[in-house]
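Asker: build me a model:
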Amino acid sequence: MNKKIMALLSIVEQGRGKKLIKGLEDLKIKVNFQTVGFGTAPTEMMDIFGFGTKDKDIIISLGTESDIRDLIKNFGESFESHSKYGGLMIVLDVSASSRVLCEILNFNTQNTEKEAVNMHNEHHNNLIIISANEGFVEDIMHVARKAGAVGGTVIKGRLADVEHFAEFVNTKVDGERELLCILAPAKISGQIMEDVNAQFGITSPAHGIIFALPTEKAFKI
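Answerer: Reported below is the predicted structural model:
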């Protein structure tokens, strides 16, 4: 049976992200990236949904399908109410990830020589997310372009539970990160991920972590 990784995108009031990450870690969701954002909803809409401020903490979390489905099933018990964090949590599928990420999430990968582990994906495009130490994204983007990527967007972020990764890779890991987001056709996503991982994977100085999210639709605006 093919195991899956799933993702959570949480957008909460600024200052509450750390508390949310602690709650997720207690529920075995151990891989969490935190950055900041700014809400665009009008004040009346924010009042309706109970969003207290426009400044937001943004958390991208990765876990096994079973752990995330357990969280969803017991959501009311795990999280008291939406007002506790003042935001939203969105559940997403992951279409592919680097082998090391699968191992960190306790997957038993059968073919360990292949760096990219693909999962069932019926969509035509992927959002590839590459988390790396600061200062590497230009070189990573250069490699990604050679594999067919057109462009990307960089988001400043921070890796939660740095100690967990440091123990796994047996080296010091920088908590301050840059997230490079690349929208690419599914047919070339695997090659982009493999080429980037070969030079900038978790055991390289970039300490890169790579995964992809299937994209239902993408529009130019």
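Asker: the bottom helix or strand of this structure by mean pLDDT?
Answerer: helix 43-49 (a mean of 48; mean pLDDT, DSSP states H and E).
Asker: would you mark the buried spots in the next helix or strand along the chain from it?
Answerer: Once the chain leaves helix 43-49, the next helix or strand it forms, by DSSP states H and E, is strand 55-64. Buried residues in strand 55-64, defined by neighbour count with 16 or more other CB atoms under 10 Å: 56-64. Quick note: C-beta positions are derived from backbone N, CA and C, even for glycine.
Asker: ok, the closest residue to residue 57 other than its chain neighbours - contacts?
Answerer: Using CB to CB, 6 or more residues apart in numbering and skipping the chain neighbours, the partner closest in space to residue 57 is residue 17 (2.9 Å). Contacts for residue 17 were tallied using CB atoms under 8 Å, 6 or more residues apart in numbering; they are 10, 34, 57-59.
Asker: looking at this, residue 195 is in a strand?
Answerer: No - using DSSP: H, G, I helix; E, B strand; the rest coil, the secondary structure at residue 195 is helix, not a strand.
Asker: give me the distance between residue 209 and residue 32.
Answerer: 12 Å (CB to CB, to the nearest Å).
Asker: cool, and residue 159?
Answerer: According to CB to CB, residue 159 and residue 32 sit 8 Å apart.
Asker: which one of the two has more residues nearby?
Answerer: With neighbours defined as other CB atoms under 10 Å, residue 159 and residue 32 compare such that residue 32 has more, 24 against 21.
Asker: quick check: that one vs residue 190, distance?
Answerer: Residue 32 is 25 Å from residue 190, by CB to CB.
Asker: how deep is the closest residue in space to residue 65 that isn't next to it in sequence tucked in, by neighbour count?
Answerer: Excluding the flanking residues, the one nearest residue 65 by CB to CB, 6+ apart is residue 4, at 4.1 Å. When neighbours are defined as other CB under 10 Å, residue 4 has 17 of them.
Asker: what's the answer for the one 5 residues further on, then?
Answerer: Using other CB under 10 Å, residue 9 has 14 neighbouring residues.
Asker: ok, now which ones touch it?
Answerer: Per CB under 8 Å, 6+ apart, neighbours of residue 9: 58-60, 89-90, 92.
Asker: let's see that with 7 Å instead.
Answerer: Contacts for residue 9 (CB atoms under 7 Å, 6 or more residues apart in numbering) come out as 60, 90, 92.
Asker: identify the bridge partners of the last one.
Answerer: Residues in a beta bridge with residue 92, per DSSP bridges, are residue 7.
Asker: isn't it right next to residue 214, touching?
Answerer: No - taking CB atoms under 7 Å as the definition, residue 92 is not a contact partner of residue 214, at 8.0 Å.
Asker: looking at the two, which one has more neighbours?
Answerer: Legend: neighbour count by other CB under 10 Å for residue 92 and residue 214, higher for residue 214 (20 against 17).
Asker: show me the protein divided up by domain.
Answerer: 5-93, 96-215 (automatic domain parsing).
Asker: ranges for the helices of the chain?
Answerer: 17-26, 43-49, 65-73, 75-78, 99-104, 137-146, 162-169, 186-200 (DSSP state H).
Asker: mind listing what's buried along the last one?
Answerer: Neighbour-count burial for helix 186-200, with 16+ other CB under 10 Å as criterion, is recorded at 186, 189-197, 200.
Asker: ranking the helices of the chain by mean pLDDT, which is last?
Answerer: Averaged per stretch, pLDDT over those is lowest on helix 43-49, reaching a mean of 48.
Asker: all set, thanks.
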